[in-house]
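> everything below, folded, please.
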Amino acid sequence: MKFHLRNKGFSSSIRLRVDHYNESDEELMLRLKSGDRQAFTLLVNRYKQSVANLVAHTVGDNQDSEDIAQQVFIQVYKHADRYEVRSKFTTWLFTITKNLALNEIRRRKRHPTDSLNSIEEEEEFSQPQQHPDMKTIAPDDSLLNKEMLHQLQAALNLLPEKQRLALLLFQEKGLSYEEIAKVFEASLSSTKSLIFRAREALKKHLKEYLSL
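Got it, this is the predicted structure:
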């Protein structure tokens, strides 16, 4: 990226900010762990849409997904001091997402008429809007219309929640079997089996719409 600026000092400061965007997730987390709030903002901007989409597709609707996605990042901020560079940052991030999304599903089963009203707001950042993001599950872009997306979400909703989330992490987020096993704190073989069963069930539900 090139900047044509006469002010040398101004150019240096811009280049420094651009360099921050080139830092790895793990480097940003270590900066956050040391108290750098700008690193937190960069991580939020980098992953807020991805987390929001995953939550929306996991819980089955958008009603509370933005609040849950915000809570994910609040947990990232709260527990930054516990972060260790043992695996990818996304593994840790999606583990938090998994826990909060599954907790919300269990809460809804216990209290089906209630809605998640509010959460503690400790960091300000813009809440993401939900957009379908299932291009890997539905590779033919010509099929991405409202009817197909409706059927796809309906089919996902029929899956057991762990199967649904594991499949989304594998197909949509591109996590490996090994990374998903870490997210679910499960063995590699059981993780592969979980995703296989989810794919087979989804094929059955969507055989008129998709070929996986």
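> give me the domain ranges for the protein.
Domain assignment for the chain by automatic domain parsing gives 28-123, 133-212.
> right, and these - which one's nearest Asn22?
Nearest to Asn22, of all those, is domain 28-123, at 10.4 Å by Cβ to Cβ. All C-beta spots, glycine's among them, are computed from the backbone N, C-alpha and C.
> that older thread, how about the domains of the chain in JSON lines, adding distance to Asn22 and mean pLDDT?
Below are the domains of the chain laid out as JSON lines (distance: least, Cβ to Cβ, whole Å; pLDDT from 0 to 100):
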{"stretch": "domain 28-123", "distance to Asn22": "10", "mean pLDDT": "85"}
{"stretch": "domain 133-212", "distance to Asn22": "20", "mean pLDDT": "81"}
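> mind putting the ones you listed into CSV with mean neighbour count?
Formatted as CSV, these follow (neighbours: other Cβ atoms under 10 Å):
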stretch, mean neighbour count
domain 28-123, 17
domain 133-212, 16
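> surely Ile68 touches Glu104?
Yes: using Cβ atoms under 8 Å, Ile68 makes contact with Glu104 at a distance of 5.7 Å.
> nearest spatial neighbour of Tyr47, skipping sequence neighbours?
Leu93 (6.3 Å; Cβ to Cβ, 6 or more residues apart in numbering).
> what strand or helix carries that neighbour?
Assigned by DSSP states H and E, Leu93 belongs to helix 89-110.
> need the next SSE after that helix, C-terminal direction.
Scanning forward in sequence from helix 89-110 by DSSP H and E, the next helix or strand is helix 146-158.
> list the contacts of the helix or strand following that following helix.
As assigned by DSSP H and E, the chain's next helix or strand after helix 146-158 is helix 161-171. Residues outside helix 161-171 that contact it (Cβ atoms under 8 Å, 6 or more residues apart in numbering): 54, 57-58, 94, 98, 101-102, 105, 134, 136-137, 156-157, 159, 175, 177, 179-180, 183-184, 191, 194-195, 197-199, 201-202.
> switch the cut-off to 7 Å
Here helix 161-171 makes contact (Cβ atoms under 7 Å, 6 or more residues apart in numbering) with 54, 57-58, 94, 98, 101-102, 105, 136-137, 156, 175, 180, 183-184, 191, 194-195, 197-199, 201-202.
> and what of stretch 174-188?
Stretch 174-188 has contacts (Cβ under 7 Å, 6+ apart) with 87-88, 91, 94-95, 98, 166, 169-170, 191-192.
> if you set the cut-off to 10 Å instead, what comes out?
86-88, 90-99, 136, 162, 165-170, 173, 189-195 (Cβ atoms under 10 Å, 6 or more residues apart in numbering).
> picking up where we left off before, and the residue nearest to Tyr47, how far is that from Phe40?
As for Leu93, its distance to Phe40 is 12 Å (criterion: Cβ to Cβ, to the nearest Å).
> identify the contacts common to those two.
Counting by Cβ under 10 Å, 6+ apart, the shared contacts of Leu93 and Phe40 are 29, 73, 76.
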